[in-house]
Each structure stands twice: as structure tokens, then as C-alpha cells.
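Visitor: Would you be able to build a 3D model of this:
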Amino acid sequence: QVQLVESGGGLVQAGGSLRLSCAASGGTFSNYAMGWFRQAPGMEREFVAAITWSGGNTYYADSVKGRFTISRDNDENTVFLQMHSLKPEDTAVYYCAAGGSRVAVATHPDYWGQGTQVTVSS
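Guide: Numbers count the residues shown, from 1 in each chain. Next up, the predicted model:
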């Protein structure tokens, strides 16, 4: 059983930056592809980014491409989401997820974190 704990959310002005972290425990971190999702009030949870187990390949939703970067540190069992040029429409609860492959983590993750709130003011 893998436990995921996100941190780093907060309030930021439009155009600003935040870095989210997700610490994993209870499993072999490097066995999993990792992803980030977000859910705004009244909206469905949506895919944001994913990274393969090795970190060699990354994937992004069109809405964040060029502004967000996903990375991972397998020695520290942590995945990151660096967010730049934030917009009010990026406001959401951000969730970390783990899955057996890049496709799996993007479509039906095995594990979820509890989420961290990101609020971007205009």
C-alpha cells in the first residue's frame, strides 16, 4: 500500500510560481509512474501531468504545457510539480497519484494523495 502526501500549495498572485511536492511511502517508489491531477470547485478532476518511473519521459495537459514541469527524485521518494506563470484558472485542489505505467497513472491511478489547495488571485 502506497501512501502519498502532498505539500506546497498556497495562495499566489497571477503570474507567480509554486512548487508542489508529493512524498511517497509504503512501496517501492521507483516501480510507479507518478502523476498530478487537479479539481476545481464544481468541476471534474482532470489530468495535469505524468512522469514515467525513471523520470525519462513526461506528459502534460495542453492547458499547462510550457508552464508546469513534473519531476521526481527516486532517492527521496518524491515527485514535484513546478508551476510558473500561474493563472486564476489554475486554482484547484491538486492531487498526486501513482500507477503502474504512464497510461495507467493518467487514466486509472492505483493510489491518490489527499490533495493540496492552490489558489491563484487575479
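Visitor: how about the strands in the protein?
Guide: Ranges of strands within the chain are 3-7, 10-13, 18-25, 33-39, 46-51, 58-60, 68-73, 78-83, 92-99, 111-112, 116-121, based on DSSP state E.
Visitor: quick one: contacts of the first one?
Guide: What that stands for is strand 3-7. 20-26, 94-98, 111-116 (CB atoms under 8 Å, 6 or more residues apart in numbering). The way it works is simple: take the backbone N, C-alpha and C, and place the C-beta from them, glycine included.
Visitor: starting at the chain centroid, how far to the helix or strand bottoming out on mean pLDDT in the chain?
Guide: Least confident helix or strand, the chain: helix 102-107 with a mean of 92, by mean pLDDT, DSSP states H and E. A distance of 13 Å separates the centroid of the chain from that of helix 102-107, by CA atoms, centre = their mean, to the nearest Å.
Visitor: which strands and helices sit next to it?
Guide: strand 33-39, strand 46-51, strand 92-99 (3 or more CB pairs under 8 Å, 6 or more residues apart in numbering; DSSP states H and E).
Visitor: Would you mind listing the buried residues in the last one?
Guide: What that stands for is strand 92-99. By neighbour count on 16 or more other CB atoms under 10 Å, the buried set for strand 92-99 is Ala92, Val93, Tyr94, Tyr95, Cys96, Ala97, Ala98, Gly99.
Visitor: same thing with the second one?
Guide: Applying a neighbour-count criterion of 16+ other CB under 10 Å, the buried positions in strand 46-51 are Phe47, Val48, Ala49, Ala50, Ile51.
Visitor: Show me the residue at the heart of the chain, geometrically.
Guide: Nearest residue to the geometric centre of the chain (CA atoms, centre = their mean): Trp36, 2.4 Å.
Visitor: so what's that residue up against?
Guide: Leu20, Cys22, Val48, Ala49, Ala50, Ile70, Val79, Leu81, Tyr94, Tyr95, Cys96, Ala97.
Visitor: Any idea what the nearest residue to the third one once chain neighbours are set aside is bridged to?
Guide: Yep, that's Val48 we're talking about. Excluding the flanking residues, the one nearest Val48 by CB to CB, 6 or more residues apart in numbering is Trp36, at 4.3 Å. Beta bridges link Trp36 to Ala49, Cys96, judged by DSSP bridges.
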